[in-house]
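**Q** 3D, please:
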Amino acid sequence: MIADEIKKLPSQKAGDPLALFQHYFELAQKSEPTDHTAVALATADASGRPAVRMVLLKTADARGFVFFTSYKSRKAAQLWENPHAALCFHWAKMAIQVRVEGLVTRVEDSESDAYFATRPRGSQLAAWASIQSAPLESREELLARHREVEQRFSDPKVSIPRPDFWGGYLLTPQRIEFWAGETFRMHDRLLFEHDGDRWQTSLLFP
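**A** Numbering: from 1, shown residues only. Sure, this is the predicted structure:
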């Protein structure tokens, strides 16, 4: 039961859904056979047409949830048109699902720079080589762009700078729902909604 996990939190954090998320996130890191940072990100364009894809969560703190991508990607274009988005984490082994809804903004350049510097050099090169979501005539076109980038940054002693078209987004949550699977589909659902001042909680039917 979710209530049992809340009791494991410090008393001052009992009503904080981000603290509860961190608790489950740490459990998932130990228990899940696949990458526990994987999360479905749903966006929609200005007309409301939705799209969803998997991304990797890089930071979850008191601000909200941070992920990184190309600012030229389809998701970035949709977030520019419509900054409302949703995340869905599913940790199957624990039978836990977390759904998050809120507003998305870009993080500061300094935060994007700091994270980009920690990426493997190969991933840094790939970020420069890809025009994410743009039409690609052939695999060779991508490989050619990658070779050009490798030549441009051929000195391994020189740090690769972050492309100005690549960086992070912060989803500031307005609604967070925790779902815990129970036998015979008597699932446990706890909803947190932010009213502008504090988090309000309510139970939901499964």
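**Q** and the worst-scoring helix or strand of the chain on mean pLDDT, what does it pack onto?
**A** Here the helix or strand of the chain ranked lowest by mean pLDDT, DSSP states H and E is helix 2-6, holding a mean of 93. When contacts are defined as 3 or more Cβ pairs under 8 Å, 6 or more residues apart in numbering; DSSP states H and E, helix 2-6 packs onto helix 17-31, strand 188-194. For glycine as for every other residue, the C-beta is placed from the backbone atoms N, C-alpha and C.
**Q** in the protein, which spans are helices?
**A** 2-6, 17-31, 74-81, 109-118, 121-129, 139-152 (DSSP state H).
**Q** out of the ones you listed, deepest packed?
**A** Of the helices of the chain, the one with the most neighbours on average (mean count of other Cβ atoms under 10 Å) is helix 74-81, at a mean of 18.
**Q** Could you list the residues in contact with it?
**A** 41, 43-46, 51, 53, 55, 69-70, 85, 104, 132-133, 169 (Cβ atoms under 8 Å, 6 or more residues apart in numbering).
**Q** residues in contact with the most centrally placed residue in the chain?
**A** The chain has residue 57 as the residue nearest its centroid, 3.7 Å off, counting by Cα atoms, centre = their mean. Residue 57 sits next to 37-39, 65-67, 87, 89 when contact means Cβ under 8 Å, 6+ apart.
**Q** between those residues, which is closest to residue 147?
**A** Nearest to residue 147 among these, counting by Cβ to Cβ, is residue 67 at 28.4 Å.
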